[in-house]
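In: Need a 3D model of the following:
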Amino acid sequence: MDHGTYLDRARRRGVNPIVYWLVRAVLQPFAHLYWRLSRIGREHIPQEGPVILAANHRSFLDPFVIGMMARRPLYYMAKKELFRGRFVSWILSSLGAFPIDRGRGDQDSMRTAREILERGDCVLVFPEGTRVRPGPLGRPKRGVGRLALETGPPGVPVAVFGTEKVRRGWRIRPHKVRIRAGRPLRFPQVDQPSPQLAGAVTERIWPCVELQWEWLGGVAPIRRVAILGAGSWGTGLAVKLACTGVGVELGTRTPEQAGHLGTTRVNDAYLPGIRIPDEVRIAHADALSIERADLVVFAVPARGLTGCVAAHGDRIPSRAGVLVLAKGLMAPHGSLPGAYVSERVAARAVACLGGPGHAADAIAHGASLVAASTDVDFAEQVADLLNTAGFEVQTTTDVTGVELAGAAKNAAVVAAAAAAIAGPNAAGAAAGKVFAEVDAFSRRRGGRAETFAGLAGAGDLVATVVAEGSRNRRAGDMLGRGMAPEQIVPALGQAAEGLDSVPLLAEALRAEGVRAPALNGLAAVLAGRMEAEQWTGAITRPKGRGTTRAA
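Out: Below is the predicted model of the structure:
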């Protein structure tokens, strides 16, 4: 049968009562015993008359689970692809499903939903339009607002939690599933609502769904962001996030810096020519409302992270997430920034950011980044926020790989710039060998090969090499030309994380038993135990026979 037949059946015949109550009689005890189904707020769903249930969507099980929440049959739209098989189509249609052609503004399906409501039945709508998992809830489409205005029934916000976790492949596994319904919302009936009005009603319904979701333990949306550090990336992130509608606070190192930035709205030292929007509140870090933040960003170099965490870590609420932007290792033990922060703050999750992210260029032309966290939901939430801000963001659980790739990139750029005085071949060899040595170390620590080969590794390395204002490249150039290491940072006027990372990486690789002649030589140059020319000459000098195996 074609889709029109199933739409006509939903409009005229409705559910098959025998099939409906038989399936419910079997599924409901199973859900209570195996999934420990918890239903909260059932009294908010009217037992008669038209009603719209607006719910989030995580799993194909959602309509069945929500159906057990209501004490009456309900109708819902299902993607047309599910109606290809005759038997499955008959079962779905008997249970109240009718097809919709997603992404095409299917008017026939919307008309079916209107007619079902007009005859006094219940319609389940998923405003997100498709399943959204993992992470926070998705963005609603305005169809639910239009349907509510055209038909005038009460709308009940519903959140379902845990259904996406009961599946692993084709195996159904036990996991607690919870549903919560809020109080009905009522809107006036309008014959031909405008898109703007439909959107406004949807924006009224969806926050109520989010409230039920948060009450059940779902990831809350990010509404307030506190950024600690007004360097290039801290300022740049504040500029981009201000366009997303979230509240942004930018914390500076000193009150004087806060006063200057608040007056001029331009960070001349790090991002000259880029205005900080008035929506960004600029204050000394001690005056930020960290306790109210949903996301706290540590936008400080690795060498400054210890003091920043000590000063502000205790103020981070347990419901907030933390994003670490530092690329490098932390003295004195070579700790990874993300792991260091995770051990010292009470945040619900910690993520780090990798990939090619030169701040000024990211503001002007965007950037492709990598958000890494062991908490998949939080990584997706960070990616969603940064996508809204104009960045393309991938996610991964390989935190170790992303953080070591960032440290390797800094060390490799210093190596390349220091060796460049001997020619491009020496520069390429120095960068490639240092990068490969840290890659081998990362794999021993559980990092993945594709991380170093992707955006967080090779992509970030190329971007730093070609960036005109790269601090690590300038630092390496000064080192190769004979400048004393202790004079480089004052000459730069900013931190070059590669200079700090090299000795820490060399020590970490030595402790792990990873052979790293190129990195050890560069560390010796920085420590003053070897001349730059001596190390550069050794990079491309032929080794003894039988010892030239490729990394």
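In: which stretches of the stretch 351-500 of the chain form helices?
Out: 359-365, 376-388, 399-419, 424-444, 449-453, 460-466, 471-480, 485-492, 497-512 (DSSP state H, counting those that start in this stretch).
In: In stretch 43-58, which residues are buried?
Out: 44, 45, 46, 50, 51, 52, 53, 54, 55, 56, 57, 58 (16 or more other C-beta atoms under 10 Å). C-betas here are computed from N, CA, C, even on glycine.
In: Distance-wise, check the closest residue to residue 98 other than its chain neighbours relative to residue 21.
Out: Closest residue in space to residue 98, ignoring its immediate chain neighbours: residue 10 at 3.9 Å, by C-beta to C-beta, 6 or more residues apart in numbering. Residue 10 sits 18 Å away from residue 21, going by C-beta to C-beta, to the nearest Å.
In: Tell me which of these two has more neighbours.
Out: Neighbours were counted for residue 10 and for residue 21 using other C-beta atoms under 10 Å; residue 10 has more, 25 against 12.
In: contacting residues for the more buried one?
Out: Applying C-beta atoms under 8 Å, 6 or more residues apart in numbering, we find residue 10 in contact with 75, 93, 96, 97, 98, 112, 116.
In: Next step: the residues you listed restricted to strands.
Out: 75, 97, 98 (DSSP state E).
In: next one: phi and psi at the closest residue to the second one other than its chain neighbours?
Out: On the basis of C-beta to C-beta, 6+ apart, the spatially nearest residue to residue 97 that is not a chain neighbour turns out to be residue 78, at 4.3 Å. Dihedral pair for residue 78: phi -130, psi 150, per degrees, to the nearest 10.
In: So what pairs up with residue 78 in the strands?
Out: Here residue 78 sits in beta bridges with residue 99, as judged by DSSP bridges.
In: what's the burial count for it?
Out: Residue 78: 22 surrounding residues under other C-beta under 10 Å.
In: Please apply the same query to the one 4 residues further on.
Out: For residue 82, the tally of surrounding residues (other C-beta under 10 Å) stands at 13.
In: How about residue 535?
Out: Using other C-beta under 10 Å, residue 535 has 27 other residues around it.
In: Might you report the residue contacts of it?
Out: Taking C-beta under 8 Å, 6+ apart, one finds 418, 419, 521, 522, 524, 525 in contact with residue 535.
In: what about the second one, distance to residue 521?
Out: To tie it back to what came earlier, the one meant is residue 419. When residue 419 is compared with residue 521 (using C-beta to C-beta), they lie 10 Å apart.
In: Which one of those two is surrounded by more residues?
Out: The neighbour comparison of residue 419 against residue 521 (other C-beta under 10 Å) goes to residue 419, with 31 against 23.
In: Which residue is the nearest non-sequential neighbour of the more buried one?
Out: Leaving aside its chain neighbours, residue 419 sits nearest to residue 430 (3.8 Å; criterion: C-beta to C-beta, 6+ apart).
In: Residue 153 now?
Out: In space, and not counting its chain neighbours, residue 153 is closest to residue 50: 3.7 Å by C-beta to C-beta, 6+ apart.
In: What of residue 396?
Out: Distances taken as C-beta to C-beta, 6+ apart put residue 372 closest to residue 396, at 5.0 Å, once the chain neighbours are dropped.
In: correct me, but the one you found touches residue 394?
Out: No. Look at residue 372 against residue 394 with C-beta atoms under 8 Å: they stay out of range, at 9.3 Å.
In: I'd assumed residue 50 was in contact with residue 117.
Out: Yes. If you go by C-beta under 8 Å, residue 117 and residue 50 touch, sitting 4.3 Å apart.
In: what pLDDT, on average, does the strand or helix carrying residue 31 get?
Out: Secondary-structure assignment from DSSP states H and E places residue 31 in helix 17-34. In this model, helix 17-34 carries a mean pLDDT of 92.
In: where along the stretch 151-300 of the chain do the strands fall?
Out: Secondary structure of the stretch 151-300 of the chain (DSSP state E, counting those that start in this stretch): strands located at 155-161, 167-168, 171-172, 178-181, 224-228, 247-252, 266-267, 271-275, 281-284, 295-298.
In: TSV for the ones you listed, including mean pLDDT and mean neighbour count?
Out: Below are these laid out as TSV (pLDDT from 0 to 100; neighbours: other C-beta atoms under 10 Å):
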stretch	mean pLDDT	mean neighbour count
strand 155-161	96	26
strand 167-168	72	12
strand 171-172	72	10
strand 178-181	96	24
strand 224-228	97	25
strand 247-252	97	25
strand 266-267	95	21
strand 271-275	93	14
strand 281-284	97	19
strand 295-298	98	27
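In: residues in contact with the nearest residue to residue 131 once chain neighbours are set aside?
Out: Distances taken as C-beta to C-beta, 6+ apart place residue 57 nearest to residue 131, at 5.1 Å, with adjacent residues excluded. Going by C-beta under 8 Å, 6+ apart, residue 57 touches 126, 128, 130, 131, 132.
In: Which of the three states applies to the closest residue to the second one other than its chain neighbours?
Out: Ranked by C-beta to C-beta, 6+ apart and with sequence neighbours excluded, the top spatial neighbour of residue 128 is residue 138, at 4.1 Å. Using DSSP: H, G, I helix; E, B strand; the rest coil, the structure places residue 138 in coil.
In: and the gap between residue 162 and residue 336?
Out: Residue 162 is 32 Å from residue 336, by C-beta to C-beta.
In: what does residue 129 give?
Out: Residue 129 sits 39 Å away from residue 336, going by C-beta to C-beta.
In: Compare the two and say which one has the larger neighbour count.
Out: residue 336 (24 against 19).
In: from the contacts of residue 535, which single one is nearest residue 478?
Out: The shortest gap between residue 478 and any of the contacts of residue 535 belongs to residue 418, at 8.6 Å (C-beta to C-beta).
In: Can you read off the pLDDT for the closest one?
Out: 93.
In: does residue 61 really touch residue 163, like I thought?
Out: Yes. Between residue 61 and residue 163 there is a contact under C-beta under 8 Å: 4.7 Å.
In: So for the two, which sits in the more crowded spot?
Out: residue 163 (24 against 19).
In: Next, the contact list for the more buried one, please.
Out: The contact partners of residue 163, by C-beta under 8 Å, 6+ apart, come to 58, 59, 61, 62, 65, 177.
In: tell me the phi and psi of the third one?
Out: Right, the one you point to is residue 61. When read as degrees, to the nearest 10, the backbone of residue 61 gives phi -80, psi -10.
In: which residues in the stretch 101-250 of the chain form helices?
Out: Secondary structure of the stretch 101-250 of the chain (DSSP H, counting those that start in this stretch): helices located at 107-118, 143-151, 195-215, 232-241.
In: Next, the angle from the helix holding residue 31 to strand 74-79.
Out: Counting by axes from the mean of the first three to the mean of the last three C-alpha atoms, to 10 degrees, helix 17-34 lies at 90 degrees to strand 74-79.
In: which residues sit against helix 17-34?
Out: With contact meaning C-beta under 8 Å, 6+ apart, helix 17-34 is reached by 37, 64-65, 67-68, 73, 91, 94-96, 172, 174, 177.
In: picking up where we left off before, touching both of residue 419 and residue 521, which residues are there?
Out: By C-beta under 8 Å, 6+ apart, residue 419 and residue 521 have these common neighbours: 535, 539.
In: So which of the contacts of residue 163 is the closest to residue 380?
Out: residue 58 (12.4 Å).
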